[in-house]
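[1] could you work out the structure for the sequence below:
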Amino acid sequence: MQAIAAACTAPGLRVDFALPGNARLPEHRAIARDAWRVELVTPRTMLESLKVLRVGPREISQHRDGLSVNEPLPRLLAALGLFDRSRAPAPDDMAVTQQVQDFNAKIEATPAFFAMVTEANDRATQVRAGRAYARAQLAATAHGLSMHPLQQALQEYPEQAEWHRRIHALSGASGPGQTVQMWARVGHAPPVAPAPR
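    Below you'll find the predicted structure:
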């Protein structure tokens, strides 16, 4: 964690960790779970993801951006024309409930959380924060850790307002202009293939 924090040096930027044994860890987990569910059950936000969902090697190779899915079941459903990406699934649809269950299990197994807070939120600060996060992620990787960004509670749409407020309060970003620029879970994870791009 010291190496990650040291990699994040930038004017007006500080990092915050919730580590094993930290009293704030359950609250980080609760916000992550609830914010993820909000994104999945809000039709317009779910459609944003579905529009950039790339299923199977052909789509992944053709677009090289967005969200890549290469598991057998979605590929089969897409091949049979049964994977409709033009409309959001209902909140009780199996695709939504399964994702919620899978994500909740991952969040419960997450041993630590990382937040990057800035004193301002202008474009130059956002770029510096993005660079600092890239360095933080490289430092984590160099020490055998993985970081998984959690952007849902950082989004600024009405359904997410409560979780946005709570993650800012939990991370101590309560002053004028103070912003949680990045929030991520940190731990050990199996290796993943490089992104298509």
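[2] switch to C-alpha atoms for all contacts and neighbour counts from now on
    Fine.
[3] next, give phi and psi for the residue sitting nearest the centre point of the chain.
    Averaging the C-alpha coordinates of the chain gives a centre point, and the residue nearest to it by Cα atoms, centre = their mean is Leu150 (2.3 Å). Per-residue torsions, Leu150: phi -120, psi 90 (degrees, to the nearest 10).
[4] now do the one 5 residues further on
    Dihedral angles phi and psi of Gln155 (degrees, to the nearest 10) take the values phi -70, psi 150.
[5] is it correct that it is in contact with His164?
    Yes - the pair Gln155 and His164 passes the contact test of Cα atoms under 8 Å, sitting 6.9 Å apart.
[6] CA atoms of the longest strand along the chain as CSV?
    Identified as the longest strand of the chain according to DSSP state E is strand 179-187. Taking Å, rounded to 0.1, in the frame of the first residue of the first chain, the C-alpha atoms of strand 179-187 are listed here in CSV:
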residue,chain,number,x,y,z
THR,A,179,-13.9,14.9,-5.5
VAL,A,180,-13.3,11.1,-5.4
GLN,A,181,-11.7,10.7,-8.8
MET,A,182,-11.1,7.0,-8.6
TRP,A,183,-12.3,4.2,-6.3
ALA,A,184,-11.1,0.6,-6.7
ARG,A,185,-11.0,-2.7,-4.9
VAL,A,186,-7.5,-4.1,-4.2
GLY,A,187,-6.4,-7.7,-3.7
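[7] and the residue located most distally from the centre of the chain, what pLDDT?
    When distances to the mean C-alpha position of the chain are computed (Cα atoms, centre = their mean), the maximum falls on Leu80, with 30.4 Å. Confidence per residue is given as pLDDT, and for Leu80 that number is 91.
[8] the helix or strand harbouring Ala129 packs against which elements?
    Applying DSSP states H and E as the criterion places Ala129 in helix 123-142. Helix 123-142 is packed against helix 2-7, strand 112-118, strand 146-149, strand 179-187, with contacts defined by 3 or more Cα pairs under 8 Å, 6 or more residues apart in numbering; DSSP states H and E.
[9] could I get the average pLDDT for it?
    Averaged across helix 123-142, the pLDDT comes to 96.
[10] one more: stretch 55-65?
    Across stretch 55-65, the average pLDDT comes to 91.
[11] okay, strands next: where are they in the chain?
    So, for the chain - with DSSP E - the strands run 13-18, 53-55, 67-69, 112-118, 146-149, 179-187.
[12] quick one: mean pLDDT for the last one?
    Read it as strand 179-187. When pLDDT is averaged along strand 179-187, the result is 97.
[13] that one pairs with which strands, and in what direction?
    strand 112-118 (antiparallel), strand 146-149 (antiparallel) (DSSP bridges).
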